[in-house]
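Novice: Sequence first, then the predicted structure:
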Amino acid sequence: MKFVGAHVSISGGVENAPLNAMAIGAKAFALFTKNQRQWAAKPLESSSIDAFRQNLELAGILPKHVLPHDSYLINLGHPEVDKLEKSCEAFIGELERCRILGLDKLNFHPGSHLTKIDKKDPLYDTLLADAEQSCLDVIAASMNKAIEATKDSNVKLVIENTAGQGSNLGYKFEHLAYLIEKIEDKSRVGVCLDTCHTFAAGYDLRTKEAYDQTMDAFGRIVGFEYLSGMHLNDAKSKLGSRVDRHDSLGRGELGWDVFGLIMNDPRMDDIPLVLETIDESIWAEEIRGLYALVK
């Protein structure tokens, strides 16, 4: 019931992603549906769409086990109106590309408030809280706008938790819960938990006790009914560092134990479990290693 893969390349065309996943023994995968470093993208050609679907079937991977990721340029919480509108337009376009490919999820980072606050300011905590609250409201409004613009679609907006680096929001489970609360159509929203981000944000996972505490908190605050995927990454950064630096499995601060807990946790059944680890040459080895942890 576990479906493990990696974030694979679309070099040569989006239709190559399922083949790249199959080559490493993946039962799930993530991809960008366009160049993630550019705003504009050519419309998907019918030949690429057909080939993507055929190759997905050839790889034996179901659409529900594919977790597309949007462009890193997009910021649904941008404080400047023109740049926010540009982000929303691009995000809606990415939702449409997923629909056209027959996929039902789009993974994204919530957004950043970009406010620079001096930590020495005696009002720092208040100013930060205000900036974050305002940004969360903008993100929620952007998500509702995107859902309304794609109301004939079933593509779920999957919010990824973040490490909290810079002014990125989504590093607290409460942020995720707040966004979900504000979404009018709850059937169109989900969450992706990244193990590196979770750990860097201050949620420990390294022991069975710590894992249970963190997952219990997620279940209580957000709810496992919204868990739509996971990114399985070790972390180069320390617990609570708020620094987003991935590592290969078992080679970072997390170690192997947490991945064994995940692979034997029925709450993670039937969702895409995707590697974004730093050495793609060992992805096949990491995938085999994860399956070997199942008891």
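Specialist: Alright, I've got the coordinates. None of these values were measured; they are calculated from a predicted model.
Novice: can you pull out the strands in the stretch 151-295 of the chain?
Specialist: Remark: strands assigned in the stretch 151-295 of the chain by DSSP state E, counting those that start in this stretch are 156-160, 189-194, 227-232, 234-235, 246-247, 272-275.
Novice: Quickly compare the ones you listed and say which is most buried.
Specialist: Highest mean neighbour count among the strands of the stretch 151-295 of the chain (mean count of other CB atoms under 10 Å): strand 272-275, with a mean of 28. Yep, even glycine has a C-beta here, placed from its N, CA and C like the rest.
Novice: Strand partners (parallel or antiparallel) of that strand?
Specialist: Its sheet considered, strand 272-275 pairs with strand 3-7 (parallel), strand 227-232 (parallel) by DSSP bridges.
Novice: Now render the ones you listed as CSV, adding mean pLDDT.
Specialist: Shown next, in CSV, are the strands paired with strand 272-275 (pLDDT from 0 to 100):
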stretch, mean pLDDT
strand 3-7, 98
strand 227-232, 98
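Novice: Out of those strands, flag the one nearest Gly289.
Specialist: strand 3-7 (9.7 Å; CB to CB).
Novice: will you turn the strands of the stretch 151-295 of the chain into TSV that also has distance to Glu85?
Specialist: Shown next, in TSV, are those (distance: least, CB to CB, whole Å):
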stretch	distance to Glu85
strand 156-160	18
strand 189-194	21
strand 227-232	27
strand 234-235	35
strand 246-247	32
strand 272-275	30
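Novice: wait, which of those strands is closest to Phe91?
Specialist: strand 156-160 (8.6 Å).
Novice: And that closest one, how far out from the chain middle?
Specialist: In terms of CA atoms, centre = their mean, to the nearest Å, the centre of strand 156-160 is set 7 Å apart from its chain centre.
Novice: lowest-confidence helix or strand of this protein?
Specialist: helix 124-149 (a mean of 95; mean pLDDT, DSSP states H and E).
Novice: quick revisit: using a markdown table, lay out the strands paired with strand 272-275 together with distance to Leu176.
Specialist: Formatted as a markdown table, those follow (distance: least, CB to CB, whole Å):
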| stretch | distance to Leu176 |
| --- | --- |
| strand 3-7 | 21 |
| strand 227-232 | 10 |
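Novice: so who does the residue nearest to the spatial centre of the chain touch?
Specialist: Note on the chain: the residue nearest the mean C-alpha position is Glu160, at 3.8 Å, using CA atoms, centre = their mean. Glu160 makes contacts with Asn107, Phe108, His109, Pro110, Gly170, Val191, Cys192, Leu193, Asp194, His197, His231, as judged by CB atoms under 8 Å, 6 or more residues apart in numbering.
Novice: swap the cut-off to 6 Å and go again
Specialist: By CB atoms under 6 Å, 6 or more residues apart in numbering, the contact set of Glu160 is Asn107, His109, Cys192.
Novice: Save the residues you listed as CSV, and put in pLDDT and distance to Thr33 too.
Specialist: CSV is the format used below for the contacts of Glu160 (pLDDT from 0 to 100; distance: CB to CB, whole Å):
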residue, pLDDT, distance to Thr33
Asn107, 98, 11
His109, 98, 16
Cys192, 98, 16
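Novice: Among the strands of the stretch 151-295 of the chain, which comes closest to Glu253?
Specialist: strand 234-235 (4.8 Å).
Novice: quick one: the closest one to chain centroid distance?
Specialist: 15 Å.
Novice: What lies in contact with it?
Specialist: Residues contacting strand 234-235 (CB under 6 Å, 6+ apart): Cys196, Phe199, Ala200, Asp247, Leu249, Arg251, Gly252, Glu253, Leu254.
Novice: Let me know the average pLDDT across it.
Specialist: Strand 234-235 carries an average pLDDT of 98.
Novice: Can you tell me the strand partners of it and which way each runs?
Specialist: Paired strands of strand 234-235, with direction, are strand 246-247 (antiparallel) (DSSP bridges).
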